[in-house]
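K.L.:
what follows is a predicted protein model with its sequence.
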Amino acid sequence: MRFSFTKFATLLAGALLVGASLSGCGGASGAAQADSVTSATATPTPSPTPTATVAQFASIITEREADWRDYEDNIVDCALASIGKTAIDSVKRTTCGYSVSVVVLTAKQAAVQIRKLPAPPAEVQSLVTRTLTHLDVLAKNPAPTACEDKQSEACDAAITQANGEIRPLITVLDAWKPYTR
């Protein structure tokens, strides 16, 4: 059997025609298919984890720092007023009842605002953790409800409790000085 060039050319043309129509059915050329496989297996670039700035954390502390320090400065007066019997002691107890409520509420607010921020920079990460630890303790103080009656024993107890809770927070505030000044 003899094979002619004409038959070979016809068979080759038919094979090419079938191959072309099959690739048309797939909807994508070989190069496009190779690109889609490459892009499907490519590793996506991770987006960076957002971080807050040191200034964002420091501003939350700075906004409330004066109230916390003022309260700590008046601890002795508040403690003495709770056991005193004079009219001035009564006025001081009332003032201390308001002050302790403000300190507790601002501790709660600060903790919430700090937690709303993205992760802290590594430079202040441990300081933020320590700050939250002390804010959380102070934020749990019952003063806002206990001191509705500023002359009550419950208010006196909340003030005494806050006196112990504010001191560690003051130490943390001192650690914030390089960032808040």
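P.N.:
Yes, it's here.

K.L.:
ok, the most centrally placed residue in the chain to residue 159 distance?
P.N.:
Closest to where the C-alpha atoms of the chain average out (C-alpha atoms, centre = their mean) is residue 115, at 3.2 Å. Applying C-beta to C-beta, to the nearest Å, the value for residue 115 to residue 159 is 27 Å. The C-beta positions use only the backbone N, C-alpha and C, and glycine is treated the same way.

K.L.:
contacts for the strand or helix carrying residue 78?
P.N.:
Using DSSP states H and E, residue 78 sits in helix 75-83. For helix 75-83, the surrounding residues in contact (C-beta atoms under 8 Å, 6 or more residues apart in numbering) are 89-90, 92-93, 96, 99-100, 156, 159-160, 163, 166.

K.L.:
now, which of these sits nearest residue 54?
P.N.:
residue 166 (24.0 Å; C-beta to C-beta).

K.L.:
about what we covered before: who wins for most neighbours among the contacts of helix 75-83?
P.N.:
residue 100 (30 neighbours; other C-beta atoms under 10 Å).

K.L.:
isn't that residue right up against residue 159?
P.N.:
Yes - using C-beta atoms under 8 Å, residue 100 makes contact with residue 159 at a distance of 5.0 Å.

K.L.:
show me the contacts of helix 75-83 that map onto helices.
P.N.:
Those of the contacts of helix 75-83 mapping onto helices are 89-90, 92-93, 96, 99-100, 156, 159-160, 163, 166, per DSSP state H.
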